[in-house]
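Asker: Just the structure for this:
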Amino acid sequence: MKHIIVIPDGAADEPLEIFDGKTVIEAARTPNIDRLCRSAYQGMVRTVPEGVAPGSDVAQMSILGYNVLENYNGRAPIEAAAQGIDLGSEDWVFRCNLVTYADECMADHSAGHISNEEAGKLMDVIRSELETENIRFYKGVSYRHLCVISGATFDLETQPPHEIIGKPIDKNLPKGKNESLIRELMLRSRSLFENHEINTVRMDLGENPVSSIWLWGQGRKTELKPFKDAYGKTGAMITAVDLARGLATLIGFDIINVEGATGYYDTNYQGKTEAAKEALKTHDVVVVHIEGPDEAGHSGNAVIKKKALERIDELVIGPLAEEMEKYQGSRMLVMPDHPTPIRTQGHTAEPVPFLIYGDGIKPNIDKTFSERNAAQSGLFIDEGYQLMEFFLKGMRR
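Answerer: Sure thing, here's the model as predicted:
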């Protein structure tokens, strides 16, 4: 049996006036998803446990079948695994965003999705000026980087920059044990970036400058039980995002890189699909993660979010549904990891819709895929990690 999981990150939303009261999923033209629904199971699942901050890290950990309450240890350690950073037992790792401030508020969590080349040069400055024997910075992709600190312990409340768009910086700085160390690094980065030539050029071009680094998502080394041991199946992950790569690394999935995969809505959709087809030949479970809808949600752009979902339907779900017909007993799971509402431009912890299509599946509701329709199906999985067992084995509930 082959199993395909397609995650349109952050696609779930609220009813929107621009779409006459429909959500993005309802408004999008998705003939392939609609076709699958005629013979698919639909339901709702809580991927973010109550009381846990609604991040892609916890939501995707749930989708992959791991209990967040037992296994989660911060976002940054997951991304450290993606970069192959060997954390010591006393190391703390922080996510390090390149961000834009405006009027002392968070204006852009990604500094205009700064290019790898520009980000690399700015991180070179950070490494040169801020690194010490106990503080190390690691380059990532675009605005996403990491900072590892040893010789100190932390008990901090930090804020994801994409969750505080438009909110004051001073009210959202790290708070708690050793906050001064983290705040000082962020403050010093402002002076390093202020007159940097890259920012000068970006402002001349009307692009968002990089105002500062922003440290958040801290944690210590994370370990997860291999997926093969937990579920008896091999797996592969196709994504452009270090978070998903890190989870894949921790559970023993192979990571398949695709040229032109950007983690944005201009990603190489077709390339991801072709990579998934190849991966199905040698793996039991193939996960295709697409970040575009989430980024559009953070930008508050409903039209782009709708277009991203339509491209996923046309270029990913349609071809993969056709491909799975080659494999006896195959199944497909389609679901967002969490909502990223246009209204709030941040993540929420609301349950998300899912559909399961394939061998042994009979429809439980005669409706197209959406948040409202899935909620009417009568199927609700409260502990998100249980969905994987349901998907793989069709366990009774």
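
Asker: Helix, strand or coil: sort out Q42 for me.
Answerer: Applying DSSP: H, G, I helix; E, B strand; the rest coil to Q42 yields a three-state assignment of strand.

Asker: That one: how many residues sit nearby?
Answerer: Using other Cβ atoms under 10 Å, Q42 has 27 neighbouring residues. All C-beta spots, glycine's among them, are computed from the backbone N, C-alpha and C.

Asker: Let me see the contact set for it.
Answerer: 353-355, 363-365, 367, 369, 373-374, 377, 379 (Cβ atoms under 8 Å, 6 or more residues apart in numbering).

Asker: Mind putting those into JSON lines with distance to V148 and pLDDT?
Answerer: Shown next, in JSON lines, are the contacts of Q42 (distance: Cβ to Cβ, whole Å; pLDDT from 0 to 100):
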{"residue": "P353", "distance to V148": "38", "pLDDT": "98"}
{"residue": "F354", "distance to V148": "36", "pLDDT": "98"}
{"residue": "L355", "distance to V148": "40", "pLDDT": "97"}
{"residue": "P363", "distance to V148": "49", "pLDDT": "93"}
{"residue": "N364", "distance to V148": "47", "pLDDT": "94"}
{"residue": "I365", "distance to V148": "48", "pLDDT": "95"}
{"residue": "K367", "distance to V148": "48", "pLDDT": "96"}
{"residue": "F369", "distance to V148": "42", "pLDDT": "97"}
{"residue": "N373", "distance to V148": "45", "pLDDT": "97"}
{"residue": "A374", "distance to V148": "41", "pLDDT": "97"}
{"residue": "S377", "distance to V148": "45", "pLDDT": "96"}
{"residue": "L379", "distance to V148": "43", "pLDDT": "95"}
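
Asker: Closest to R35 out of those?
Answerer: If you rank the contacts of Q42 by distance to R35 using Cβ to Cβ, F369 comes first, at 10.3 Å.

Asker: so the closest one sits in a strand?
Answerer: No. Counting by three-state DSSP, F369 is not part of a strand but coil.

Asker: Can you check the pLDDT for the residue of the chain most remote from its centre?
Answerer: Going by Cα atoms, centre = their mean, the residue of the chain most distant from its centre is N195, 32.1 Å out. Note for N195: predicted pLDDT of 93.

Asker: can you check K393 too?
Answerer: 85.

Asker: where exactly do the strands run in the stretch 101-250 of the chain?
Answerer: 105-108, 135-141, 144-149, 155-157, 175-177, 212-219, 235-238 (DSSP state E, counting those that start in this stretch).
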